[in-house]
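> build the 3D model from these lines:
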Amino acid sequence: MKRKTMMIHGGIVGDEHTGAVSVPIYQVSTYKQEAVGKHKGYEYSRTGNPTRFALEELVKDLEGGERGFAFGSGMAAITAVMMLFNSGDHVILTDDVYGGTYRVMTKVLNRLGIESTFVDTSSLEEIEKAIQPNTKAIYIETPTNPLLKITDIAGAVEIARKHNLMTIVDNTFSTPYWQQPLALGVDIVLHSATKYIGGHSDVVAGLVVVKSEKLAEDLHFVQNSTGGVLGPQDSWLLMRGIKTLGLRMEATERNANEIVSFLQEHPAVEKIYYPGLPSHPNHEIAKKQADGFGGMISFDVGSEEKANQLLQKVKYFTLAESLGAVESLISVPAKMTHASIPKDRREALGITDGLVRISVGIEDVEDLIADLKQALED
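Sure thing, here's the model as predicted:
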């Protein structure tokens, strides 16, 4: 079954009891038992809910894994995955990682004794050098947020296997439509489903898919114990969003390609970050491991003042946190999504005050380019 077909026909389709084409929203907390311990597969909705399970089965099929899990946010998903580790364990993470991931590792999970080192995982040599005796996993975000760096997933997996480490990939930017980390040997793939998978700026959610039954058992234990589950209404919204995921990813990439071409020619743009550009340092790796380059573009206009002028003048790009929606969004990562990262570290990574990130939507691209053109004028 091809991917767009699977997005419609994967997982659990409809309702066998009524013939409803859409999976029902089971707005329920508990379930009647025929006798003590004798039930129809559900006893309490923190442990399992039919609507959430339908979503989890669908994302499991899309990622080609053993089992899927739906959480109340992307950060809840990341935190639950990190709770698979013990005090004293060490995790290597991508340096240009989402600000919330950096914050939870350095301000919350460090209190529990989980150690972390942030390195440029687009360099396999840097990954190898960061391995310590207590290292347990390599956590990769690719493409990264906001500099869109690319890590060679298969290469990282090879290193991990040599050292008996787990591999985790944040697949938010590419989604399972463009990139399949589990097929490249990764152990766990996760998403902020708030973004492209939901796709309509109306739900906050996180998804995880694991490769083995052992990881499935361990992660379900964490999820059930800590309770960061996704509700049935939001689960249903994600299933609805997934039905058009392939169409939306294709549309945003077409728009992104034309916008990148425009930005390349504009004198106000000093630098562009987009893996679809042949000049991108890991363009060939991106081509090899993914079927598309996505709809995220970052570009530097040189200063905070110029970035603010751009933000004030755009009409069709909405100034907002988040990404991956049908509407085009714009932000300054240094002041918004990555504000939790210390300024000196941001600057060392290249996340300058003049760096602008756009999430390209599905509007007519001529309107989006015209909007950027007038906003970039002095």
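
> in the chain, where's the longest helix?
Ranked by residue count and defined by DSSP state H, the top helix of the chain is helix 245-265.

> direction included, what does whichever helix or strand comes after it pair against?
Toward the C-terminus, helix 245-265 is succeeded by strand 271-273 as the next helix or strand (DSSP states H and E). Neighbouring strands of strand 271-273 in its sheet, by DSSP bridges, are strand 296-300 (antiparallel).

> contacting residues around the strand it pairs with?
The contact list for strand 296-300, computed with Cβ atoms under 8 Å, 6 or more residues apart in numbering, reads 143, 145-148, 173, 256, 259-260, 263, 269-274, 323, 333, 352, 354-360. In this view, the C-beta of every residue, glycine as well, is placed from N, C-alpha and C.

> make it 7 Å
Here strand 296-300 makes contact (Cβ atoms under 7 Å, 6 or more residues apart in numbering) with 143, 146-148, 173, 256, 259-260, 263, 269-274, 323, 352, 354-360.

> same check on stretch 87-100?
Here stretch 87-100 makes contact (Cβ under 7 Å, 6+ apart) with 75, 85, 105, 112-121, 127, 130-132, 134-141, 144-145, 147, 149, 151, 337-341, 349.

> which of those residues count as buried?
75, 85, 105, 114-121, 127, 130-131, 135-141, 144-145, 147, 149, 151, 337-338, 341, 349 (16 or more other Cβ atoms under 10 Å).

> show me what the longest helix of the chain packs onto, helices and strands only.
In terms of contacts (3 or more Cβ pairs under 7 Å, 6 or more residues apart in numbering; DSSP states H and E), helix 245-265 is packed against helix 3-9, helix 175-178, strand 271-273, strand 296-300, helix 365-376.

> mind listing which of the buried ones among the contacts of stretch 87-100 are in helices?
75, 127, 130, 349.

> test my guess that the third one contacts residue 118.
No - the criterion here is Cβ atoms under 7 Å, and residue 130 misses it with residue 118 at 8.8 Å.

> from residue 254, how far out is the residue nearest the centre of the chain?
The centroid of the chain falls nearest to residue 172 when counting by Cα atoms, centre = their mean (1.8 Å). Applying Cβ to Cβ, to the nearest Å, the value for residue 172 to residue 254 is 20 Å.

> ok, now residue 81?
Distance check for residue 81 against residue 254: by Cβ to Cβ, it reads 33 Å.

> more neighbours, those two?
It is residue 81, of residue 81 and residue 254, that has more neighbours when counted by other Cβ atoms under 10 Å, with 28 against 15.
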